[in-house]
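Novice: quick one, fold the following:
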Amino acid sequence: MKTASRRTRIVATLGPATDAPGMLERALRAGIDVVRLNLSHGTPEDHLRRARQAHAIAARLGREVGVLADLQGPKIRIDRFADGPIQLEPGAAFTLDCRAGAPAGDATRVGVSYLGLPGDVKAGDHLLLDDGLVELEVTGVDGTAIHCTVVIGGQLSDRKGLNRKGGGLSLNALSDKDRADIKLAAELKADFLAVSFVRSAADIVEARALLREAGGDAWLIAKIERAEAIGKLEEIIDASDAVMVARGDLGVEIGDAELPGLQKKIIREALARNRAVITATQMLQSMVESPIPTRAEVLDVANAVIDGTDAVMLSAESAAGKHPDAAVAAMARICLGAERQFEAREKISTRTHRLDRSDQAIAMAAMFLATQMPVRAIVALTESGTTAQWLSRYRSSVPIYALTPSAEARRHMLLLRDVKPMPFAAERTPVTVVRQVIRDAVCQLFASGDLAEGDRVLVTHGDHTGRGGGTNSLKLLSVGANGIAESLRDLQ
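Specialist: Numbers count the residues shown, from 1 in each chain. Got it, this is the predicted structure:
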């Protein structure tokens with residue numbers, strides 16, 4: 001019998017650091033489940049090359065890897081300074097110049113990428129630069145000039161981000177660059193498309209329509225990083241296939257003191273609404289330079305796992321850090337340790353108040369049984385992966401093996417906690433021989449060492465194999481010895 005495997009997924013950003021010879025293979029071996037292509041940086045050729053390389057290495061390792069394309073979104077940035085970084089002192093006057101073609105900045109003023117900013121701010125507003133390291137208070141708006149006083153000073157260099165404390169900026173979620181990059185994501189055959197700075201469900205609906213028009217079939221991930229998204233959290237989650245707790249800009253807009261509780265709320269809402277959830281940003285930030293994480297970072301990752309996140313994400317740690325493979329290995333090690341401490345806090349019977357679908361009802365029934373009797377595993381025979389997704393929403397200690405012939409479904413399930421997707425070439429058979437398909441599936445798991453003689457397993461399936469969305473049956477079986485396909489015996 002195999003030892004317990006990691007349940008929480010790892011998303012890692014590719015970049016110059018993973019381009020080093022042999023590094024991507026070492027990082028994949030260390031535990032990457034999904035590679036992230038940050039479309040804010042690099043060329044389309046870079047992203048195509050990295051996606052192909054990731055797939056090729058994964059195939060050589062006998063496994064699969066998902067690809068996540070992350071749109072840049074309308075992030076507001078200051079422009080360049082004429083003579084390099086400047087130093088802002090508290091109390092000093094500083095002007096944001098919102099003109100097209102504004103000259104290079106100096107210690108008194110700088111241009112801004114968003115020319116509509118004067119219409120979004122007023123005297124008394126606070127603007128945060130460089131992830132909140134520099135804070136300005138608006139003293140007045142004069143045409144295209146926003147006059148400010150420095151509240152928190154510090155060094156400021158080219159192209160740093162700008163946020164309004166409390167949110168409320170009116171940029172659309174999709175920029176012209178994003179629309180072009182959606183076509184690139186379709187060309188990449190990305191499994192996931194992350195939409196940055198989502199404000200409402202309409203942003204996700206628009207992105208999905210553009211992606212489908214371009215021929216892409218990726219899951220849509222809503223990045224929660226605007227303060228105004230919090231008031232529309234439920235509708236955004238419902239419109240998406242997954243959400244990301246993007247703690248960088250979100251923390252700047254709402255304040256760091258509010259961030260921990262909000263992270264827990266987003267994870268809780270995503271699970272309740274049958275969506276996957278990724279926790280991201282600065283999880284192992286010190287490992288950009290250091291080969292080991294800090295204890296605070298270990299606790300941060302572990303707490304996200306204990307809260308029930310599906311995946312944790314590495315950004316600069318893997319894309320530009322000195323130790324990408326060590327960062328992935330550390331993340332995997334922390335996840336495994338935290339999973340041993342995880343306990344489901346809610347009773348299965350109270351998690352869902354209404355069951356609208358047969359596969360949802362079967363998933364809930366399976367998880368209830370798994371908590372009431374010794375069951376080694378749940379085996380989901382699935383076409384689309386939907387049943388496995390439902391199963392994974394009811395957190396338990398029982399592993400879920402999702403067997404499907406669809407490579408696309410398997411890659412989507414690489415974002416789901418507790419689910420181990422596996423290829424399974426079931427023949428298209430009539431209902432009279434579905435039992436044989438179940439026998440073959442359990443036999444495959446027995447041969448791979450995932451099941452052993454005497455194990456009890458729950459199997460979910462539909463009356464007809466080869467049809468998506470048809471899960472309507474649940475069986476409780478026992479694994480026999482020698483020729484397992486013939487030795488299964490019902491416990492009915």
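
Novice: does Tyr401 count as helix, strand or coil?
Specialist: Recorded secondary structure, Tyr401: strand (DSSP: H, G, I helix; E, B strand; the rest coil).

Novice: quick one: contacts for it?
Specialist: 377-380, 419-420, 422, 445, 450 (C-beta atoms under 8 Å, 6 or more residues apart in numbering). Glycine gets a C-beta too; all of them are placed from N, C-alpha and C.

Novice: so the nearest residue to Ala311 once chain neighbours are set aside versus Lys122, what's the distance?
Specialist: Nearest non-adjacent residue to Ala311, counting by C-beta to C-beta, 6 or more residues apart in numbering: Arg9, 3.8 Å away. To Lys122, Arg9 is 43 Å away according to C-beta to C-beta, to the nearest Å.

Novice: just want to know which of the two has more residues nearby.
Specialist: Arg9 (25 against 11; other C-beta atoms under 10 Å).

Novice: where does the prediction get shaky in the chain?
Specialist: 1-4, 342-355, 426-433, 463-469, 482-492 (pLDDT under 70).

Novice: okay, now the domains of it?
Specialist: 9-73+172-339, 86-164, 348-490 (automatic domain parsing).

Novice: and the helices in the stretch 201-350 of the chain?
Specialist: 201-213, 227-230, 233-239, 247-254, 259-272, 295-307, 316-319, 324-339, 348-351 (DSSP state H, counting those that start in this stretch).

Novice: so which of the ones you listed comes closest to Gln389?
Specialist: helix 259-272 (11.0 Å; C-beta to C-beta).

Novice: residues in contact with the closest one?
Specialist: By C-beta under 8 Å, 6+ apart, helix 259-272 touches 224, 230, 233-234, 237, 242-243, 245, 247, 250-251, 254, 276-277, 279, 304, 307-310, 351, 393, 395.

Novice: which of the residues you listed are buried? Put it as a ChimeraX command.
Specialist: Only the buried members of the contacts of helix 259-272 end up in this ChimeraX selection, burial being decided by 16 or more other C-beta atoms under 10 Å:
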select :224,230,233,237,242,243,245,247,250,251,254,276,277,279,304,307,308,309,310,351,393,395
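
Novice: in what helix or strand does the closest residue in space to Ala190 that isn't next to it in sequence lie?
Specialist: Counting by C-beta to C-beta, 6+ apart, Ala69 is the residue found nearest to Ala190 once chain neighbours are left out, at 4.1 Å. Per DSSP states H and E, Ala69 falls inside strand 66-70.

Novice: ok, Val442 next?
Specialist: helix 434-447.

Novice: now the angle from the next helix or strand after that helix to helix 434-447?
Specialist: As assigned by DSSP H and E, the chain's next helix or strand after helix 434-447 is strand 456-462. Relative orientation of strand 456-462 and helix 434-447, computed by axes from the mean of the first three to the mean of the last three C-alpha atoms, to 10 degrees: 140 degrees.

Novice: identify all contacting residues around strand 456-462.
Specialist: Under C-beta under 8 Å, 6+ apart, the answer for strand 456-462 is 359, 362-363, 366, 369-370, 373-382, 387, 391, 434, 437-438, 441-442, 451, 470-479, 491.

Novice: what's near enough to touch the closest residue in space to Gly73 that isn't next to it in sequence?
Specialist: Distances taken as C-beta to C-beta, 6+ apart place Ser196 nearest to Gly73, at 2.6 Å, with adjacent residues excluded. Ser196 is in contact with 70-75, 173, 178, 223, 225, 246, counting by C-beta under 8 Å, 6+ apart.

Novice: closest to Leu61 out of those?
Specialist: Closest to Leu61, out of all of these and judged by C-beta to C-beta, is Asp70, at 24.0 Å.

Novice: who are the contact partners of that closest one?
Specialist: Counted by C-beta under 8 Å, 6+ apart, Asp70 has contacts 36-40, 194, 196, 223.

Novice: returning to that earlier point: which elements pack onto the helix holding Val442?
Specialist: strand 377-381, strand 400-404, strand 456-462, strand 471-478, helix 484-487 (3 or more C-beta pairs under 8 Å, 6 or more residues apart in numbering; DSSP states H and E).

Novice: go again with 7 Å.
Specialist: strand 377-381, strand 456-462, helix 484-487 (3 or more C-beta pairs under 7 Å, 6 or more residues apart in numbering; DSSP states H and E).

Novice: doesn't Phe368 fall inside a helix?
Specialist: Yes: the assignment for Phe368 is a helix, going by three-state DSSP.
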